[in-house]
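> I'd like to go over a predicted model; first the sequence, then the structure.
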Amino acid sequence: MIERGETAVPDEAALVADATAALAQAYAPYSRFPVGAALRARSGRVYRGANVENASLGLSICAERSAVFVAVAAGERAFEAIAIVSKAPEATPPCGACRQVLLEFGADDLVVLLATTQKAGRIERHTLGALAPHAFRRFEPGA
């Protein structure tokens with residue numbers, strides 16, 4: 001079981017630092033809720049993403065999906081961990097849409113690290129399976 005709130009191990013701290021750097025690139029003029037994400041592929045490469053909002057709010061994209069789409073466009077298809085950082089008082093888990101996109105490429109044991117700039121050094125660890133129990137994983141047209 002993954003423990004919550006412990007001091008980060010070096011590779012986790014580095015992934016959170018990448019997500020924090022991505023946070024600085026967020027474009028969130030409507031919600032004023034910037035988020036950064038860093039996704040580590042099984043190849044070892046890290047892909048950053050930030051939320052990007054639009055006046056037509058439905059056209060906005062979350063940081064997590066932004067990171068996944070950049071990674072997939074680079075040819076990655078398998079991921080080990082994602083770090084998500086916000087400026088909120090408490091760490092913020094991915095929304096349902098982001099969880100579903102992560103499920104497309106990540107196994108139940110994909111590590112999800114949550115952090116906030118307001119509680120430096122504190123990282124919550126979860127697995128994707130714990131955040132998305134009974135997940136929708138298979139689409140069978142005509143079934």
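That came through fine. If you're wondering where the values come from, they're calculated on a predicted model, not measured in any experiment.

> helices of this structure, start to end?
Under the criterion DSSP state H, the chain contains helices at 10-23, 63-73, 96-105, 128-131.

> for stretch 61-75, the distance to its chain's centre please.
Here the centre of stretch 61-75 is set off from its chain's centre by 10 Å, with C-alpha atoms, centre = their mean, to the nearest Å.

> look up how far residue 140 lies from the residue nearest the centre of the chain.
Centroid check for the chain by C-alpha atoms, centre = their mean gives residue 64 as the closest residue, at 3.9 Å. Residue 64 sits 26 Å away from residue 140, going by C-beta to C-beta, to the nearest Å. C-betas here are computed from N, CA, C, even on glycine.

> just residue 15 next, same as before
Separation of residue 15 from residue 140 (C-beta to C-beta) stands at 35 Å.

> looking at the two, which one has more neighbours?
residue 15 (26 against 5; other C-beta atoms under 10 Å).

> what pLDDT is listed against that one?
We have a pLDDT of 97 for residue 15.

> do the same with residue 10
70.

> list the contacts of the closest residue to residue 24 other than its chain neighbours.
Closest residue to residue 24 apart from its sequence neighbours, by C-beta to C-beta, 6 or more residues apart in numbering: residue 36 at 7.2 Å. Contact partners of residue 36, counting by C-beta atoms under 8 Å, 6 or more residues apart in numbering, are 19-26, 48-50, 63, 84-86.
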